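Asks: Prediction below, plus the sequence it came from.
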Amino acid sequence: MEKTQEYIQSNKDKFVRELTDLLRIPSVSADPAFAKDVLKTAESIANHLRAAGAENVEICETKGYPIVYGDKMIDPNFPTVLVYGHYDVQPADPLELWTSPAFEPVIKKTEIHPEGAIFARGACDDKGQMFMHVKAFEAMMAADELPCNVKFMIEGEEEVGSVNLGVFVADNHEKLAADIILVSDTGMLANDVPSITTGLRGLSYVEVEVTGPNRDLHSGLYGGCVANPINILAEMIASLHDVDEKINIPNFYDDVVELSTGERAKMAKAPFSHEAYCKSIDITDVHGEKGYSTPERGSIRPTLDVNGIWGGYIGEGAKTVIASKAYAKISMRLVPNQDPNKITQLFQNHFESLAPKSVNVKVTPHHGGEPAVTPIDSIGYEAASMAYEQSFGKKPIPVRSGGSIPIVSMFEKELGLKTVLMGFGLDSDAIHSPNEHFGLFNYYKGIETIPYFYKHFTELSK
C-alpha cells in the first residue's frame, strides 16, 4: 500500500476541497423543500465514484430518494467488500446557534482539533466519513493496489429511517453479494485512542398525543375544572422513570442481558474523564441510571428520552389558554436481545394506562431498529484492528456505541453478512447539533486506514 499512501499524502488538499463542495449541497432528507438538493447530491456521489474508477455506477430509484451503486470487480475469486454510507443529512435547525452557516463549510481550529476541523452539516455524519471510502478507493485505484473486489451502496434516507433501503436490499441480493460490509458512521474514543465499535443499541421511536377539550379554552374560565393536556402529558412523562432513573414500564427489562463483572471490567479499561466529559457539553454533573458508570449508561443500558415536547401558546407575550392538545416525541435506545416491536407495544400499553379519563391518548409508532453486536474474533474485526494498528501505531479498543444503525441487523438478516464499523468521528463533533464538524486529522486518518483494511481482510480471507 506504499503507492496508495503516497497518493493520499499528495492529494490531501484536493480531498478537502471536494468534500467541502459536497457539504455545500443541503441534502436534508427530512424536509421536502430540499428534495432537489438531495437528488443533486446523489448525482455528485455517482460522479465521484466514476472519477475514482468505479464501474457499473448507477443511481437506483426507490419510492423515496435513490441509492447510489458502483463496483469494481477485479477477480471473482477474490473477497468482496460492500461499503455502505449515506449522503443525506439532518436538518440544520436551530440555525441561529451555528457560528458559521451550516451549508457554507469553513475550516476552524479547536482545542480538540488544533490542525483544523471542517464545520458544516454532514461533515461527520455521514458525508465526511462516507467520502473517506470514495477517496481511499480512488487512491488504491490510482496506485493500482486495490487488493480485492469492492461495491458501494450509498443511500439518501438514513436520517429518516432508511425506509426504502430494506426493499432495495431484498430485491438485489445478487448485486450486493459480498463477504463483509464496511461502514463508517460511528466514532472512536479519541484521536490518540483509536477504537472500533462492536455493538450498537436498537431503537424504538414513538410520538404521543394527549387530547383534552375540543378546543383551546380560557384558562381563567376553565382552569381547575378541566384537564390540561400539557400538565397531564408532563406528569405521564415524569412517571416513566423511577427515583433511580430506571425505566418504569412493566416488563421493559425482561430481555436485557446483564453483562458479567468481567465484561464490565474490560469496558472500564477504556479511558474516560468525568471532568472532560462534563466540560465538553457544559454541565456540572452527569445524570442516569443508578449503579452504572457513564460509559455503561451510554452503551450497554437501555434508555428512554423525550426528544421534543410541545403544545399551547409559545408566541411572544401572554395568551392565557388551556391547550386542547399536547404532543411529545420519545425515543428508546435498546440493548442486544430487546425487540423494538415488543418494546413499542409495551410502551403503548403502559402509556395509555397512565391517562386519566379526562383525556384521550394516542401513541403513533415511528421507525425503529434492532440492536447489533459484531464479534471481535471474526476476520473482519481482526482486519480492522490490524489496519488501525498500522495507521495509528497502536491497537484499537473494542467499544459498544450508544447509537443506533438499524440497517446493520437488516443487512445480516437479508444478506447474511456481518458489518465492520470503522468510525473516525469523535463524540465532540456535534453530529445532529449546531456546529457539526469533522477534524482534518480524522478525515485524513480514515482515508489512510481504510486501504489497510482491504489489504488485511484479503490476506486473512485466504
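Replies: Perfect, I can see it now.

Asks: can you pull the contacts of the nearest residue to A142 once chain neighbours are set aside?
Replies: Closest residue to A142 apart from its sequence neighbours, by CB to CB, 6 or more residues apart in numbering: Y7 at 5.0 Å. Where you see a C-beta, it was placed from the backbone N, CA and C, and this is true even at glycine. Contacts of Y7 were listed using CB atoms under 8 Å, 6 or more residues apart in numbering, and they are A139, A142, A143.

Asks: quick one: secondary structure of Y7?
Replies: Under DSSP: H, G, I helix; E, B strand; the rest coil, the three-state class of Y7 is helix.

Asks: Also I154?
Replies: Following three-state DSSP, I154 is assigned to strand.

Asks: Wait, it touches D88, no?
Replies: No. Judged on CB atoms under 8 Å, I154 makes no contact with D88 at a distance of 9.8 Å.

Asks: rewinding a little: out of the contacts of Y7, name the ones that lie in strands.
Replies: Nothing among the contacts of Y7 maps onto strands, per DSSP state E.

Asks: so which of the residues you listed comes closest to Y381?
Replies: Using CB to CB, A139 is the member of the contacts of Y7 that lies nearest Y381, at 23.4 Å.

Asks: Can you get me a residue count around the closest one?
Replies: Counted with other CB atoms under 10 Å, residues neighbouring A139 total 27.

Asks: Could you measure from it over to Y452?
Replies: Computed as CB to CB, to the nearest Å, the A139 to Y452 distance reads 12 Å.

Asks: cool, and T80?
Replies: 18 Å.

Asks: Same question for F392.
Replies: For F392 relative to Y452 (CB to CB), the value is 10 Å.

Asks: Between these two, which has more neighbouring residues?
Replies: Neighbour count, other CB under 10 Å: between F392 and Y452, Y452 has more, with 21 against 17.

Asks: check contacts around the more buried one.
Replies: By CB under 8 Å, 6+ apart, the contact set of Y452 is M1, M386, A387, Q390, S391.

Asks: how about a cut-off of 6 Å?
Replies: Residues near Y452 by CB atoms under 6 Å, 6 or more residues apart in numbering: A387, Q390.

Asks: Am I right that it sits in a strand?
Replies: No. With three-state DSSP as the criterion, Y452 is located in helix rather than a strand.

Asks: nearest to P396, of the contacts of Y7?
Replies: A139 (21.4 Å).

Asks: ok, the closest one touching I8?
Replies: Yes. With contact defined as CB atoms under 6 Å, A139 reaches I8; the gap is 5.0 Å.

Asks: Can you get me a residue count around the closest residue to A54 other than its chain neighbours?
Replies: Distance criterion CB to CB, 6+ apart; nearest residue to A54, sequence neighbours excluded, is G70 at 3.5 Å. Neighbourhood size, G70 [other CB under 10 Å]: 25.

Asks: swap in the one 3 residues further on?
Replies: Using other CB under 10 Å as the criterion, M73 is surrounded by 13 other residues.

Asks: Quickly list what the nearest residue in space to it that is not next to it in sequence is bridged to.
Replies: Distance criterion CB to CB, 6+ apart; nearest residue to M73, sequence neighbours excluded, is N149 at 4.7 Å. Judged by DSSP bridges, the bridge partners of N149 are T80.

Asks: I'd like the distance between E436 and H367.
Replies: E436 sits 22 Å away from H367, taking CB to CB as the criterion.

Asks: domain parsing for the chain?
Replies: Split into domains by automatic domain parsing, the chain comes to 2-200+371-461, 202-256+302-369.

Asks: and of the ones you listed, who's closest to G291?
Replies: Among the domains of the chain, the nearest to G291 by CB to CB is domain 202-256+302-369 (7.5 Å).

Asks: for the closest one, the distance to its chain's centre please.
Replies: 24 Å (CA atoms, centre = their mean, to the nearest Å).

Asks: pLDDT of it, averaged?
Replies: What domain 202-256+302-369 shows for mean pLDDT is 96.

Asks: And for stretch 86-100?
Replies: For stretch 86-100, mean pLDDT is 97.

Asks: Same check on stretch 418-434?
Replies: Throughout stretch 418-434, pLDDT has a mean value of 96.

Asks: tell me the phi and psi of E316?
Replies: phi -70, psi 150 (degrees, to the nearest 10).

Asks: Report how many residues lie close to it.
Replies: E316 has 6 neighbours, counted by other CB under 10 Å.

Asks: and what of K394?
Replies: Neighbour count of K394, defined by other CB under 10 Å: 11.

Asks: got it, and Y388?
Replies: Around Y388 there are 24 residues (other CB under 10 Å).

Asks: For stretch 228-247, buried residues please.
Replies: Neighbour counts using 16 or more other CB atoms under 10 Å place 228-230, 232-234, 236-237, 240-241, 245-247 of stretch 228-247 among the buried residues.

Asks: want to try TSV for these, with distance to F411 and secondary structure as columns?
Replies: Listed next are those as TSV, based on distance: CB to CB, whole Å; DSSP: H, G, I helix; E, B strand; the rest coil:
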residue	distance to F411	secondary structure
N228	46	coil
P229	41	helix
I230	42	helix
I232	42	helix
L233	37	helix
A234	40	helix
M236	37	helix
I237	34	helix
L240	32	coil
H241	33	strand
E245	33	coil
K246	32	coil
I247	28	strand
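
Asks: of all those, which two lie farthest apart?
Replies: Using CB to CB, the buried residues of stretch 228-247 span at most 28.0 Å, a distance reached by N228 and K246.

Asks: any idea of the pLDDT on Y69?
Replies: Listed pLDDT for Y69 reads 98.

Asks: and if you look at I376?
Replies: I376 is assigned 87 on the pLDDT scale.

Asks: Give me the nearest residue to it, chain neighbours excluded.
Replies: P398 (5.1 Å).
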